[in-house]
Structures are given as structure tokens and as C-alpha cells.
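Undergrad: Sharing a sequence plus its predicted fold:
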Amino acid sequence: MSVIVAEPGLSNVSVAHTEIGDVRGEEGFYQYRQFDAVSLARYRTFEEVWFLFVHGHLPEECELNRFVGEVRSMRAIGDDLMSVIRVVAGAGGGERPLIGLRTVLSSLADLEGMAPLWDADPDTRIAHALRVCAVTPTILAALHRISNGDEPVPARDDLDTAAHWLYAVTGEVPTPDHARAVEQYLIATIDHGFNASTFTARVIASTGADLVSAVCGAIGAFSGPLHGGAPDRALDALDDIVAAGGADAAADWTRTRIAQGERIMGFGHAVYRTVDPRSELLRDIAIGLGGDTVDLAVEVERTVVSELARHHPDRPLYANVEFYAGVVMDRCGIPRTLFTPTFTVSRVVGWCANIVEQAQSRKIIRPRATYVGPEVVELVG
């Protein structure tokens, strides 16, 4: 049997067929099913796009109303699960929300008897996916509030996903412009090809494990700073530039980082070789919100891209989704500790869609590795 030796990181290797979406890095384009993802973020609601991921088409009004009522009813947390959240938050899980989320979701799977994907029928898999996606924001917000000495606010059924997320975090109903800005961010980040967390989720799903196990594996991959854990670090870089003297200091700050061989968080992408379309969308959203941080970010982006191009003319690097994501979330009142959890609120929908799709196959994902260690040594008894 011949062995295919893949590039490091499985770059440019296709390992499955999917109907969920695609990323075309050379073109700066990505899609959700048959639609341009950025156009969906500009013109549709989160619930409409969530429906698309579950059912494969955009909903008619009656379908959307039924779907919205269904998922809103799944936000609530029962007393048993709230007891788990309080214990996890008290043990520090609120300070590291993704770690806390993994623990609480594992308890949810046990409390609600979520069977392995191998044993569940398609309707049950979808029901479990909807419950996990609907309750994840409630869990994250509760962990955050308890860890900060506040009581969780009861889940409401009269707010859309983005507005409810901001309400659950702050305890106040957000302004329409903030709710819409966060909603557009959430839509733009639901899915993005076979990234590390999505691939992890599909590998676990291929074993027939329960849906929550696959989601928890994805969360673990997502927490890394090279993946979902970068929006707060990108905003930290803006803080460093402010401390160094503001926009006028951005060029020197960038040159220093390049000379030291440091990665500049918020720039460059594993797939895109041109402008990240999500970054363009989020820049527009940020400019619409306005503010000193936004003005600084726009100027810093221009300077950093110019300096990177000067030092690496053969390998242009542009702002990625994390750079403006942090700016938008900051302007909408989301604390930095919840930047990556906010990303999780959307990406869990993509993970679950991929998990449900993977569960249709009965083939386990089992690649090989190329051994490069010492030669075999014969042992003599």
C-alpha cells in the first residue's frame, strides 16, 4: 500500500468531502454552503445563517420563526447544571472561560443523557447540536459573571443571539448598533474550512463519540493563541503601541518585532495569501462604530502591513480576523477575557454542523505518521 507524505500541518491536503463551506485563500474568499459568507454577514441575521448550517438552505419566514422559538427555548440552565457552573467558576473556571466551558458541557452531556453519535439517529444529533449551541453562550456568561462576583442573569427568550450574549454578559440590553456589530462578527466567524478546531471535532466525531466530546476537543484546540486565542493579544499590541507613543510609533514598534523574530498577532493567515475578507468586513464595522481605538487601529494596520511588505516583499501579510475582532468587541463592551469565548459562541455552530456531517460516515479518521527515530535495535534475551 502506497503512503502519501503530506506537507507539515497537512497544508494543501484534502481529507474529506463537505457541503458546509469552503475557503479559497488565493482569492480571499470563503463561503457557507452556497452563499458568500461576507454577504451573509452584511445582509442576514445570525439565526438565518444558523438555520442554513443546520438545514442547508436559508429559511422562509415561517421556518425562521419556528427555528428561533426552538433555539431560544434551549438557552435556559437548570438548577443541576447551574450548581456545576458555580463549582467550576469557584475553582477558577470563570477566569479561564474555555476551560470552564469544557467542564460544564461535559456535565451537560451526562445530565441530559446525550448518547454517542454512533447510536443516535439524525434528528437526535441535530437536537443535541442545537442544545449545545444555544446553551454555550449562557454557560460562558454565567461563568464570567460568577467569577466577577455577579449573579448570572436569567436567560431571556425575546432577544436574538447577539443581543442576548451581550445582555447575559453585562446584565443590560445592548444598543441596536452594538448588537448588530456583534451579530455581524458572529456570522462572519461561524465556520472557516478545516481549521485546527474543526478538524479536531471531526476526528473525534469519526470515532462515534458523543457530540459534546467532539465539541470539547474543538474547544481545546481553539484555545491556543495560534488559533482562536488571538483577539485579545492583537488588542494588547495596540496597547503596546499606545504606550510607545501612539500611531507615530507604530513603524518603529513593528520593525523591532520583526528584528526580534516575533510574530505580530493579528497579521498573517495560514490560508489567505491576500486580504482576509473577514478583516475587511470587521474594519467597516469598526469604522461604523467609531472611536479613538478604531482610528488608531486603522492607522496601525496600514503601517504594519507596509513594514511587513518592506521586510518580506515576497510574502505579503495582511490583517487577519483577530485584529479588528478585538477592536469591535472592545467598542461593544465585551471584556478581553471574553474575546475568544465570544468567538466560541459563533464557532460552536460551525463545529456542530461539521460533527453532524461527519457522523453520517462510519469511517474513522486514522492517518499515519512517518517514523524518523532511531533504527530498530535487536534485543537479545
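TA: Thanks, I have the structure now. Owing to the predicted nature of the structure, the values given are computational and were not obtained by experimental measurement.
Undergrad: His227: how many residues sit nearby?
TA: 19 (other Cβ atoms under 10 Å). Every residue, glycine included, has its C-beta placed from N, CA and C.
Undergrad: who touches the closest residue to it other than its chain neighbours in this structure?
TA: Excluding the flanking residues, the one nearest His227 by Cβ to Cβ, 6 or more residues apart in numbering is Ala196, at 5.2 Å. Neighbouring residues of Ala196 by Cβ atoms under 8 Å, 6 or more residues apart in numbering: 221-222, 224, 226-227.
Undergrad: Read off the pLDDT value for Gly94.
TA: pLDDT for Gly94: 68.
Undergrad: Now do the buried residues in the lengthiest helix in the chain.
TA: As assigned by DSSP state H, the longest helix anywhere in the chain is helix 122-147. Within helix 122-147, the residues scored as buried using 16 or more other Cβ atoms under 10 Å are 125-147.
Undergrad: pLDDT averaged over it, what's the number?
TA: 97.
Undergrad: Following the chain onward from it, which element is next?
TA: helix 161-170 (DSSP states H and E).
Undergrad: Check the offset of that following helix from the chain's centre.
TA: Centroid separation for helix 161-170 versus its chain: 17 Å, with Cα atoms, centre = their mean, to the nearest Å.
Undergrad: repeat for stretch 14-28
TA: 17 Å.
Undergrad: Stretch 338-347 too?
TA: For stretch 338-347, the distance to the chain centre is 5 Å (Cα atoms, centre = their mean).
Undergrad: And the contacts of that stretch?
TA: So stretch 338-347 is contacted by 46, 97-98, 101, 136-137, 140, 144, 161, 165, 169, 182, 185-191, 197, 218-219, 222-223, 228-232, 235, 325-326, 329, 334 (Cβ under 8 Å, 6+ apart).
Undergrad: Leaving out sequence neighbours, find the closest residue to Leu235.
TA: Leu235 sits nearest to Gly326 (Cβ to Cβ, 6+ apart), 3.7 Å away.
Undergrad: Confirm that that neighbour sits in a helix.
TA: Yes - assessed with DSSP: H, G, I helix; E, B strand; the rest coil, Gly326 lies in a helix.
Undergrad: Any figure for the gap between the closest residue to His55 other than its chain neighbours and Gly56?
TA: Leaving out its chain neighbours, the residue that sits closest to His55 by Cβ to Cβ, 6+ apart is Glu63, at 7.8 Å. To Gly56, Glu63 is 12 Å away according to Cβ to Cβ, to the nearest Å.
Undergrad: Since that was my last question, I'll sign off now.
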